[in-house]
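Asks: Sharing a model that was predicted from the sequence below.
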Amino acid sequence: MAGYLLQRLVQAVIVVFAMSVIVFVGVYAIGNPIDVLIDPGATAEIRENLIRQYGLDQPLWRQYLVFLGNVAQGDMGTSMVYNIPVVDLVFSRLPATLELVLVSVCIATLIGIPAGLYAGYRPDSVGAKAIMALSVLGFSVPTFWIGMLLIMGFAVQLGWLPSGGRGDEGSILGLRTSLATADGWSHVIMPAINLSLFKMGLLIRLTRAGMVEAMSTDYVRFARAQGLPDRQIVFRHVLRNISIPIVTVFGLELGSTLAFAVVTESVFNWPGVGKLIIDSILQLDRPVMVSYLVLVVVLFVLINLTVDLVYARLDPRVRLRGEDA
Amino acid sequence: MSRNVLKSAVAALALMAAAPVTAQELVIGLRAGPDSIDPHWSTLGSQAEALRHVFDTLVDVDENLQLQPGLAVSWEPVDDTTWEFKLREGVTFHDGTPFTAEDAKFSIERIPEVTGPMSMTLYTKYVDSVEVVDDLTLRVKTKGIAPALPNDFTRLFVVPSETGMEAGNEAFNSGEKAIGTGPYRFVSWQPKGDLVLERNEDYWGDAPAWERVVRKEIADDAARVAALRSGQVDLINYVPASDYLAMQNDGEVETFVSDSVYILNIAPNVKDEEPQPITVNGEEVEGNPLQDKRVREALDLAINRDVLVNVVLEGLGTPANQLMPEGFFGYTDQIGEKTYDLEKAKELLAEAGYPDGFEIDFTCTNNRVPGDSVVCEALAQMWARLGLTVDAQALNGTVFFPAAAREEYTMSMSAWGTLTGEAAYTYGALTHTKDDEKGFGNFNRTGYSNAEFDEVFGEGTQTLDADARRTLYEEASYIAMEDRALIPTVILQTVWAADAGTLEFTPRVDQETRAYAITPVE
């Protein structure tokens, strides 16, 4: 087990390095961040001074080495736009994104998996067909459009929910979160539903496909012959057997939602990290881009690791490489 | 106690009860907010706009960018290289300390120490040294003759000298050092989030109408409109053209429209070798056709500005005939309204030796300002009628600006705003020959160089007398525009929207939304 974890850790470090190199080269290829940021009225002298001050006159490899040196000392850099340490900037917005993703993933799972199970259990029923039709909508209709419809309906026309922003914060077990207040929930519910639709559609289809396949397998027939009630067959045996693809996709989706919930965040003016990274890219705020993408890589590696560990729990046949050693 | 006192007390209570509760708080939805609460960090427009509520500048500007007294009540040159500012009496900072010339001096000297990539040294570049004559008199020695110094000081925010040089961004963002003399006190701010302000009851100017102001940053256009429609905010800025049209037919929403300082200008590269080749039937032409003034004039004549304004921009624009809107310092009325004359344009092009046109690249910004990409496409079509084959591309600013700085475009278009309200800022940067020593031509990416223009303009920058300077700038504007050094197309307009009949608000040409200039409708 320890060997396995070590191996994954080494992989992660390599990916993080590769990522930071790509971002550095990419920004360097686009151009000088100062030219994007600088005021139109600035003189050439001011420009030269700034380029020197931010070390942008150095060759790329030296800029990169300086960056690595700083990271080694625990300094991820300071945003060129906000003049705030990147770590503070990202972590001041991360809770908002975590809340949004948590709620949306819960919605997607709690509705998507039961709906998928039902659709696979009774594939010819009217209900199953309706669920499948809706699931197609879920991942084919653009997120921003559904977001706008939700806002027009529930915020503008009916006035039940706020059109955007994050609600008042409260505290649960010492954590500051808007999920602790009613106002917070009224703000989070619409964007969370919006964000969950794609995942829900995906989960429904995956679950249904697995279910249909599993229901015709020998072990289900055998269980039926034994006289086990269907409920027990579905929840105890089938669900566990079809979980592996679901967990895989779930993990991937969780990661990409956390990192890039930007469309929903923009439409609902949700103060999360997605908007921060897009703005940083538009302004070539390199310290924020590099650090954020490195964080995303770490996040993905962690999620994949968790998914692998969950595989092993779900299916005793799965052996993690290095585990026997 | 007399009955009169009681009576007036009752009357006062009745008045208080009658005042609408909603008039106490104003919530504004803005496309962009500040990047920091440190007023010396960045020159960004949205930064200045927000921090103006907390900090005052030495010189203020009215809604047409003409100079007004701010913390300085008057200013005049005492000799060629010295400006004297008389400061306002009886002004106190939010913490109660009185405002003096020391604070102004400290603020000027603090800028180079703390400013970021959007460097504010731009506004202090002429300052050589600052001298405090007495509590209310400040003398600024300039490097050379600097007639535009008062214009530069319209962005000079004053912080107390007790702030100390070592106080950084964190101290301002947390509110600890966010102490100014402005109409509002700082309460809280989150990057990309809400800026919350509270009325300064001891403000030296007119008392602001709103007790509390929340400036919400809502970057997404559709989200901002939705926030207004759902009643989450009272006022929004930068209403997109499509929503503006819908709002015209909607009695519930009122719009406020104003010309902005931003003009979309075409920049034809006139160097000997154009960066992207101009071709005829795929063969690269000898020399650079854009060097021929007749070609540039033909490009200009082929632009139908009425169509750009009324069709392409849905009415949200004004035809432009020079780089600044009317009324700005140095605007010349010698250039009449631009006419659309395709026949004459074709003649000129034929005279220049291109009767069948040529193929040319045309690059623009995309979504940097409202309408830039659609104007870009429309121009390509207008020039197609002239016989040109135009390969138009609208690129994101992140890509466009660095490439423009490397002078990689043969013909490009981007917006320029005369943020100081006077000609030196615009013509000095855009059409003067590139001259790093004098600090001119930093944004001259076309290679345009006209000795006559440089001389007239240069003389203007060395003339302290305002009327004589104005005349010289007008002449310089005329020369550059007659030469088609740049070809202005349209002045962009800005739209604000509020619930109908709730607010009184005079739109500003610099697009700022100042809460203290907004009053509730009684």
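Replies: All right, it came through fine.

Asks: Residue ranges in chain B under the pLDDT threshold?
Replies: Residue ranges of chain B with pLDDT under 70: B:1-23.

Asks: give me the residue from it nearest chain A.
Replies: For chain B and chain A, the shortest gap (Cβ to the nearest Cβ) falls at B:Pro402, measuring 2.4 Å. Just so you know, the C-beta spots here come from the backbone N, C-alpha and C atoms, and that holds for glycine as well.

Asks: residue contacts, that residue?
Replies: A:Ile30, A:Gly31, A:Asn32, A:Asp35, A:Val36 (Cβ atoms under 8 Å, 6 or more residues apart in numbering or on different chains).

Asks: try B:Ile108
Replies: B:Thr124, B:Val127, B:Val130, B:Val140, B:Leu156.

Asks: Helix or strand: which one has it?
Replies: Per DSSP states H and E, B:Ile108 falls inside helix B:101-114.

Asks: quick one: whichever helix or strand comes after that helix to helix B:101-114, angle?
Replies: Note on helix B:101-114: by DSSP H and E, the next helix or strand toward the C-terminus is strand B:127-134. If you take axes from the mean of the first three to the mean of the last three Cα atoms, to 10 degrees, strand B:127-134 sits at 160 degrees to helix B:101-114.

Asks: Partner strands of whatever helix or strand comes next after strand B:127-134 and their direction?
Replies: Next helix or strand after strand B:127-134 toward the C-terminus (DSSP H and E): strand B:137-142. In the sheet, strand B:137-142 lines up against strand B:82-87 (antiparallel), strand B:127-134 (antiparallel) (DSSP bridges).

Asks: Of those, flag the one that's most buried.
Replies: Highest mean neighbour count among the strands paired with strand B:137-142 (mean count of other Cβ atoms under 10 Å in any protein chain shown): strand B:82-87, with a mean of 20.

Asks: Contacts for that one, please.
Replies: Applying Cβ under 8 Å, 6+ apart, the external contacts of strand B:82-87 come out as B:58, B:71-78, B:99-101, B:104, B:133, B:135-142, B:146, B:149-150, B:153.

Asks: State the distance from whichever residue of chain A sits closest to chain B to B:Gly397.
Replies: Proximity of chain A to chain B (Cβ to the nearest Cβ) peaks at A:Gly31, 2.4 Å away. Using Cβ to Cβ, to the nearest Å, one gets 11 Å for the distance from A:Gly31 to B:Gly397.

Asks: try A:Leu254
Replies: A:Leu254 sits 33 Å away from B:Gly397, taking Cβ to Cβ as the criterion.

Asks: Ok, B:Ala302 next?
Replies: 27 Å.

Asks: And these two? Which one has more around it.
Replies: Counted by other Cβ atoms under 10 Å in any protein chain shown, B:Ala302 and B:Gly397 do not tie: B:Ala302 has more neighbours, with 23 against 19.

Asks: Is it correct that that one is in contact with B:Val390?
Replies: No. Counting by Cβ atoms under 8 Å, B:Ala302 does not reach B:Val390; the two are 10.7 Å apart.

Asks: who touches both of these two?
Replies: With Cβ under 8 Å, 6+ apart as the test, B:Ala302 and B:Val390 both reach B:Trp383.

Asks: Run me through the strand neighbours of the helix or strand encompassing B:Gln393, direction for each.
Replies: In this structure, B:Gln393 sits in strand B:389-395 according to DSSP H and E. Note on strand B:389-395: by DSSP bridges, its sheet partners are strand B:359-365 (parallel).

Asks: who are the neighbours of the very next helix or strand once past the strand it pairs with, in terms of helices and strands?
Replies: Where DSSP H and E defines the elements, the next helix or strand beyond strand B:359-365 is helix B:372-385. Judged by 3 or more Cβ pairs under 8 Å, 6 or more residues apart in numbering or on different chains; DSSP states H and E, helix B:372-385 is in contact with strand B:253-268, strand B:359-365, strand B:389-395, strand B:411-417, strand B:487-499.

Asks: With mean neighbour count and distance to A:Leu102 as added columns, please give those in TSV.
Replies: Output for the helices and strands packed on helix B:372-385, formatted as TSV (neighbours: other Cβ atoms under 10 Å in any protein chain shown; distance: least, Cβ to Cβ, whole Å):
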stretch	mean neighbour count	distance to A:Leu102
strand B:253-268	22	36
strand B:359-365	22	38
strand B:389-395	18	38
strand B:411-417	24	42
strand B:487-499	23	35
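
Asks: Identify whichever of the ones you listed lies nearest to A:Val290.
Replies: strand B:389-395 (23.4 Å; Cβ to Cβ).

Asks: Can you tell me which of the contacts of B:Ile108 lies closest to B:Glu347?
Replies: Closest to B:Glu347, out of all of the contacts of B:Ile108 and judged by Cβ to Cβ, is B:Thr124, at 50.6 Å.

Asks: can you tell me which residues contact the spatially closest residue to the closest one that is not a sequence neighbour?
Replies: Closest residue in space to B:Thr124, ignoring its immediate chain neighbours: B:Ile111 at 5.1 Å, by Cβ to Cβ, 6 or more residues apart in numbering or on different chains. Shown in contact with B:Ile111 (Cβ under 8 Å, 6+ apart): B:His40, B:Met120, B:Thr121, B:Tyr123, B:Thr124.

Asks: what's the offset of the strand holding B:Gln393 from the middle of its chain?
Replies: Here the centre of strand B:389-395 is set off from its chain's centre by 27 Å, with Cα atoms, centre = their mean, to the nearest Å.

Asks: same deal with stretch B:95-107?
Replies: The answer for stretch B:95-107 is 27 Å, by Cα atoms, centre = their mean.

Asks: Give me the contact list for that stretch.
Replies: By Cβ under 8 Å, 6+ apart, the residues outside stretch B:95-107 that reach it are B:40, B:58, B:71-72, B:85, B:87-88, B:90-93, B:130-138, B:156-163, B:179, B:181.

Asks: now stretch A:43-52
Replies: With contacts defined as Cβ under 8 Å, 6+ apart, stretch A:43-52 is touched by A:Asn32, A:Ile34, A:Ile38, A:Asp57, B:Pro117, B:Ser119, B:Thr121, B:Leu122, B:Lys125, B:Asp436, B:Gly439, B:Asn442.

Asks: Only alpha carbons, please: show that stretch as PDB.
Replies: The C-alpha coordinates for stretch A:43-52 follow below in PDB (Å, rounded to 0.1, in the frame of the first residue of the first chain):
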ATOM      1  CA  THR A  43       5.700  56.100 -21.100                       C
ATOM      2  CA  ALA A  44       8.300  53.700 -22.500                       C
ATOM      3  CA  GLU A  45      10.400  54.300 -19.500                       C
ATOM      4  CA  ILE A  46       7.600  53.300 -17.100                       C
ATOM      5  CA  ARG A  47       7.100  50.100 -19.200                       C
ATOM      6  CA  GLU A  48      10.800  49.200 -19.100                       C
ATOM      7  CA  ASN A  49      10.900  49.700 -15.400                       C
ATOM      8  CA  LEU A  50       7.900  47.500 -14.800                       C
ATOM      9  CA  ILE A  51       9.200  44.700 -17.000                       C
ATOM     10  CA  ARG A  52      12.500  44.800 -15.100                       C
END
